[in-house]
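Q: Got a sequence here, can you model it:
(one chain, ligands or ions: 2)
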Amino acid sequence: MKLNVIIPLYNEEGNLEDLYDSLTTSLKDIKYYLTFVDDGSTDKSFSILRKIYTKNKNTVKVISFSRNFGKEAAMLAGLKNSKAKYTCIIDADLQQDPKYIIDMVKFLDENLEFDEVAMVNDYAKEKESQKFLKKTFYKIMEKSTGQHVKSGASDFRLMRSDVVDALISIQEVNRFSKGLFSWVGFNTYYMEYSANERHSGESKFNLKKQLNYAKEGIISFSTKPLKIATVLGTFISMISFIYFLVVLFETLIFGKDIPGYASLMCVVLLLGGIQLIVLGIIGEYIANTYLEVKKRPIYITKEKLGFDDNIL
Ligand code: UDP
Ligand code: MG
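A: Ligands and ions are numbered 1, 2, ... in the order given. Modelled structure (predicted):
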C-alpha cells in the first residue's frame, strides 16, 4: 500500500464522519488506508468508527485503547501497525486539511533525497494568546534542548518507512514526539500551511496540559535544568564570600554593628526557596527515571478492527 494515514483521536464524535469524507475526497487518486486510533474515547467515537469500518473494510482500520493514554501513545500505536510506503499522521479535528497530504506525497515522490515532510503552521488563524504561548514554548525548547525543534512544526507529517522504523525503535515511555522526530534525524522538508479552526468540540490541550507537556519535553530532552544547582550555588557562594569579607572587615576594623534581622530573613528565605526549586527539579528527573525503569506498556489495546489478528 502506498499510504497509511494515522488519526489519533479522543472524544471526536462530531468530527469523524466529516473527517472521513474529507480524507476520502482528498485521497481518491492514490492507494491508501486509514488507521483510526481511538485513545479511550468516552463518547460515541468508537461506535461511529465501527460503522465507518463496517462500510469500508478495505480502507479502514481501527485500534481502540482500554483507556485514555494520550496522543503520543495513540500515534505510537498507529506507527507500530503501519505497513505502507508512506505514513502520515493527522489530527481528527479537521484543523489540518487532508488536502495537504497529497502535496506531501507528491513532494516525497519527486524528491528522493528527503525522508520526511513536516507541515509547519503559520499560526495565521490562531488566537493571539495561543500563538504567543506556542511560540514561547518552541523558543524555550530550542534553547534548553539544543535540539532543532522547528517552530510551528506539528505532528502533521508524512514519513518514509525507515523514519517510522526509527521512531518505533525508541523504547521511551515518556514520548515527546516533537523532540523524537528531530532526534531520529533524517532529511526533513518543512512545508508551510494554515491550520483551520477546530471543526467540532474543544481542544484536549488546555493551558495546564500544555505547560505540563512543555515541562515533559524539556525533561525528556535536556539535562540543563539539573545544572542550575551548580551554577546558582557557585554564584551565591561567591557573593556570600565577598559579603562575608565585607562584614568581617567592617566589624573588625571600624567596629560597626552588623545590620540585622530583616536582611538575614531575606537571605534565608531566598536561599530556602532556591534550594526547594532545585530539589523539585531533581525530583522531576527522578520521577521520570522511575516511570521509565518500570517499563509499563505505553498503551493497552482493547479492540482492533481490520487487522489480521482481529478476533471478533
Ligand atoms: N488526542 C488524543 N488523545 C488525547 C488528546 C488528544 O488522541 O489524550 C487527539 C485529538 O483527538 C486530536 C489530536 O490529538 O485528534 C490533537 O488534539 P487537539 O485538537 O485537542 O489539540 P490542539 O489541536 O488543540 O493542539
Ligand atoms: Mg486540534
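Q: I'd guess F137 is in a strand, am I close?
A: No - F137: not assigned to a strand; according to DSSP: H, G, I helix; E, B strand; the rest coil it is helix.
Q: and the chain, which residues reach ligand 2?
A: Those residues of the chain that sit near ligand 2, judged by C-beta under 5 Å from the ion, are D91, D93, Q95. All C-beta spots, glycine's among them, are computed from the backbone N, C-alpha and C.
Q: Tabulate those residues in CSV, adding columns for distance to F241, neighbour count and secondary structure.
A: Shown next, in CSV, are these (distance: C-beta to C-beta, whole Å; neighbours: other C-beta atoms under 10 Å; DSSP: H, G, I helix; E, B strand; the rest coil):
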residue, distance to F241, neighbour count, secondary structure
D91, 55, 21, coil
D93, 57, 24, coil
Q95, 55, 20, coil
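Q: with these in mind, which one is nearest to T42?
A: Lowest distance from T42 to those (C-beta to C-beta) belongs to D93, with 16.7 Å.
Q: who's in contact with the closest residue to the closest one other than its chain neighbours?
A: Computed as C-beta to C-beta, 6 or more residues apart in numbering, the closest residue to D93 that is not its neighbour in sequence is R198, at 4.7 Å. Neighbouring residues of R198 by C-beta atoms under 8 Å, 6 or more residues apart in numbering: D93, L94, Q95.
Q: before we move on, which element is R198 in?
A: Using DSSP states H and E, R198 falls within no helix or strand.
Q: For it, grab phi and psi.
A: With angles defined as degrees, to the nearest 10, R198 sits at phi -60, psi 130.
Q: Isn't E142 up against V149?
A: Yes - judged on C-beta atoms under 8 Å, E142 makes contact with V149 at a distance of 5.7 Å.
Q: one step back: show me which of the residues of the chain next to ligand 2 neighbour ligand 1.
A: Contacts with ligand 1 within those, as defined by C-beta under 6 Å from any ligand atom: D91, D93, Q95.
Q: What distance do you get for the closest residue in space to the last one that isn't next to it in sequence to T25?
A: Meaning Q95. Counting by C-beta to C-beta, 6+ apart, Q95 lies nearest to A195, which is 4.7 Å off, once chain neighbours are set aside. Look at A195 and T25: by C-beta to C-beta, to the nearest Å, they are 19 Å apart.
Q: Looking at these two, which one has more neighbours?
A: More neighbours surround A195 than the other of A195 and T25, with 21 against 10 (other C-beta atoms under 10 Å).
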